[in-house]
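[1] sequence-free structure coming up:
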């Protein structure tokens with residue numbers, strides 16, 4: 001749970017991968033963000049880590065499509081019949097705990113990089129900053145997510161835990177408690 005961005009695309013030309021990695025690394029040094037490069041049998045690219053943020057992956061498979069190392073690790077999920085196969089090439093990054101300034105910096109960097117190095121790039125921003133460039137809209141979205149997280153944590157305080165309970169029984173109690181506190185109906 002937390003405000004995130006979701007993106008996918010293709011590198012314009014595989015010869016642009018090294019310049020992309022170099023540019024991202026240089027920019028991240030000035031921002032004091034950690035980076036990690038990838039060059040193995042499955043992917044090539046770079047990731048960067050703003051403080052308190054999940055990694056932002058700009059990694060590509062041999063065909064030049066975005067591909068997160070996380071998705072490679074859980075590939076079997078994407079092989080199920082009920083899962084959209086295109087999601088395998090979509091990368092998600094939670095920015096909720098990094099804050100508004102980091103979120104804006106990430107979006108601006110991805111806009112720059114997508115125009116310079118990528119094609120067919122799509123990004124869905126749960127904060128709507130990608131679409132609007134409006135900090136007020138982004139702030140409202142951050143506040144909504146913070147409110148939801150705070151209320152969820154508050155509800156957890158009221159959840160009695162019994163030693164030896166199963167995960168299923170805990171989940172059922174949590175669902176009941178959330179319905180009582182925040183509305184909803186049994187189906």
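    Sure, I can see it. Being a predicted model, the structure only gives us computed values, none of them experimental.
[2] From residue 61, how far out is residue 100?
    32 Å (CB to CB, to the nearest Å). For the C-beta atoms, the positions are set from N, CA and C on the backbone; glycine is no exception.
[3] I misspoke; the intended subject was residue 18.
    In terms of CB to CB, residue 18 sits 16 Å off from residue 61.
[4] which of those two has more neighbours?
    More neighbours surround residue 61 than the other of residue 18 and residue 61, with 17 against 12 (other CB atoms under 10 Å).
[5] Report the contact partners of that one.
    For residue 61, the contact set (CB atoms under 8 Å, 6 or more residues apart in numbering) comprises 42, 43, 67, 89.
[6] now the helices for this protein?
    Here the chain has its helices, by DSSP state H, at 17-31, 69-73, 75-78, 100-117, 129-132, 135-157, 167-182.
[7] how far does the third one sit from the chain's center?
    Same thing as helix 75-78. 18 Å (CA atoms, centre = their mean, to the nearest Å).
[8] State the mean pLDDT of that helix.
    The average pLDDT within helix 75-78 is 82.
[9] name the helices or strands packed onto it?
    Identification of packing neighbours for helix 75-78 by 3 or more CB pairs under 8 Å, 6 or more residues apart in numbering; DSSP states H and E yields no helix or strand.
[10] mind running it again at 10 Å?
    helix 69-73 (3 or more CB pairs under 10 Å, 6 or more residues apart in numbering; DSSP states H and E).
[11] how about the helix it packs on: buried residues?
    69, 71 (16 or more other CB atoms under 10 Å).
[12] now for it, which elements pack on it?
    strand 56-60, helix 75-78, strand 91-94.
[13] and with 6 Å instead?
    Helices and strands touching helix 69-73, by 3 or more CB pairs under 6 Å, 6 or more residues apart in numbering; DSSP states H and E: there are none.
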